[in-house]
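Asker: With the input below, show me the fold.
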Amino acid sequence: MIRRISKLVLVGAIASLAGSAFAQDGRAPRGTPKPVTVPVSIRLRGPAPVEMKFVDFILREDGELQREISRRSQVDSPMTLAILFQDDLVSSVAVEIKNMANFIRNEPGGDRAMVAYIRPGSLEVRRKFTNELDKAAQSIRAPQSLASAGAYNPYVEIIEGLRRFDSQPMGRRAMIVVSDGIDVARGVDSSTPSQSLDLQRAISEAQRRGVAIYSIFAPPAAATMAGLTLNGQSCLQRLSDETGGRAFFQGSAAPVSFDPFLKEIDQLLKLQIAYTYLSTHNNKGFHKLEIKPLDHDVEIRHPAGYTR
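Answerer: Below is the predicted model of the structure:
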């Protein structure tokens, strides 16, 4: 486990590399470059020192180097965090409410948090984004743990939660989703990661808003086929991987405790930066991102891309 890092100092070579690349091949950027902000978490593999060493990395969009505008860390950009619970999860999830409440209370001052519950056809917002973290923590309740409280899939309400970020300042953003990940809105066939249309929409909306999604799997209260459970986990894995977050499972059962997951998420949030660069690709559609560290001992989490 990485020890707490008191200061994150990151210096990239992206601007000079991008500038030299354009100069060498003589190409001018196509159209007017537009700023894009993505969540990037950077950490050393293995035990970390008290002070993070300088880290160089390069960013390519659609295979081409891009120019850096800024990078904002915990020091100069508070975290905007949404926490979503699915309301029909097994009753054992209720014992994790205290852990999640403490997680919110322990966030740095200035951070903003929202608490909401995924219900059939709607998102129940218990606390809108606020920097009064204790009030946000108090708004957390146990899931109802009733089959009737379950939505056909969680992704429509996750999209609704993502839209709540539109009223917040751009910067470091994340969402924690506690869910079974199962999508049967269009039948069993829609439950796979490649077939769930709402999963793809949720990924696209998160990428567009620069929100990294961290997911924690818990099974539903109603009995579910093993195949659906595995599909739900795979969907959550894709949701997190493609938005720059991370998915957490403990087999097909409810986790014994959320505590180790929340500690890992807390560490990753502290290491997240809001990285803004000038995109030279103005055409509509998906734009693939690649962020490569110049040090082999560095792990970087970032979105797979975004859709313009």
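
Asker: can you list contacts of stretch 218-231?
Answerer: 86, 88-93, 145-147, 150, 178-184, 188, 191-193, 252-255 (Cβ atoms under 8 Å, 6 or more residues apart in numbering). (Each C-beta comes from the backbone N, C-alpha and C, glycine too.)

Asker: Determine how far it lies from the middle of the whole chain.
Answerer: 23 Å (Cα atoms, centre = their mean, to the nearest Å).

Asker: Report the buried residues of it.
Answerer: Neighbour-count burial for stretch 218-231 flags 218-221, 224, 228-229, 231 (criterion: 16 or more other Cβ atoms under 10 Å).

Asker: what would the residues you listed look like in TSV with distance to residue 246 and pLDDT?
Answerer: As requested, those are exported to TSV (distance: Cβ to Cβ, whole Å; pLDDT from 0 to 100):
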residue	distance to residue 246	pLDDT
218	16	95
219	19	93
220	22	92
221	25	88
224	24	75
228	22	90
229	19	91
231	19	94
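
Asker: Using TSV, lay out those together with secondary structure.
Answerer: Below are the buried residues of stretch 218-231 laid out as TSV (DSSP: H, G, I helix; E, B strand; the rest coil):
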residue	secondary structure
218	coil
219	coil
220	strand
221	coil
224	coil
228	helix
229	helix
231	helix
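
Asker: Need the max-distance pair from these.
Answerer: 221 and 231 (18.0 Å; Cβ to Cβ).

Asker: Which single one of the buried residues of stretch 218-231 is nearest to residue 200?
Answerer: In terms of Cβ to Cβ, no member of those lies closer to residue 200 than residue 231, at 14.5 Å.

Asker: quick one: low-confidence ranges for the stretch 51-200 of the chain?
Answerer: For the stretch 51-200 of the chain, the stretches with pLDDT under 70 are 51-54.

Asker: Helices of the chain, start to end?
Answerer: 14-25, 97-105, 133-138, 155-163, 197-209, 226-241, 259-270 (DSSP state H).

Asker: what separates the strand ranked longest in the chain from the chain centre, distance-wise?
Answerer: Identified as the longest strand of the chain according to DSSP state E is strand 34-44. How far strand 34-44 lies from its chain's middle: 11 Å, per Cα atoms, centre = their mean.

Asker: Quick check: buried residues in that strand?
Answerer: 36-44.

Asker: Looking at those residues, which is nearest residue 276?
Answerer: Among the buried residues of strand 34-44, and counting by Cβ to Cβ, the member closest to residue 276 is residue 37, at 4.5 Å.

Asker: so what's residue 116 closest to, chain neighbours aside?
Answerer: Nearest residue to residue 116 in three dimensions, chain neighbours excluded: residue 125, at 4.6 Å (Cβ to Cβ, 6 or more residues apart in numbering).

Asker: swap in residue 209?
Answerer: residue 165 (5.0 Å).

Asker: Mind giving me the ChimeraX select for the contacts of stretch 218-231, buried ones only?
Answerer: Selection command for ChimeraX covering only the buried members of these, criterion 16+ other Cβ under 10 Å:
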select :86,88,89,90,92,93,145,150,178,179,180,181,182,183,184,191,192,193,254,255
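
Asker: From the contacts of stretch 218-231, which land in strands?
Answerer: 86, 178-179.

Asker: can you put these in TSV and add distance to residue 100?
Answerer: Conversion of those to TSV gives the following (distance: Cβ to Cβ, whole Å):
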residue	distance to residue 100
86	13
178	8
179	14
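
Asker: re earlier: the longest strand of the chain pairs with which strands?
Answerer: Its sheet considered, strand 34-44 pairs with strand 272-279 (antiparallel), strand 298-301 (antiparallel) by DSSP bridges.

Asker: so which of those is the most packed in?
Answerer: Most buried of these by mean neighbour count (mean count of other Cβ atoms under 10 Å) is strand 272-279; its value is a mean of 22.

Asker: I'd like the average pLDDT over it.
Answerer: Mean pLDDT, strand 272-279: 95.

Asker: sorry, back to before: I'd like the distance between the residue nearest to residue 209 and residue 128.
Answerer: 12 Å (Cβ to Cβ, to the nearest Å).

Asker: Between those two, point out the one with more neighbours.
Answerer: Comparing residue 165 with residue 128 by other Cβ atoms under 10 Å, the one with more neighbours is residue 165, at 21 against 14.

Asker: so that one makes contact with residue 112?
Answerer: No. Look at residue 165 against residue 112 with Cβ atoms under 8 Å: they stay out of range, at 10.1 Å.

Asker: Overlap in contacts, those two.
Answerer: Common contact partners of residue 165 and residue 112 (Cβ under 8 Å, 6+ apart): residue 80.
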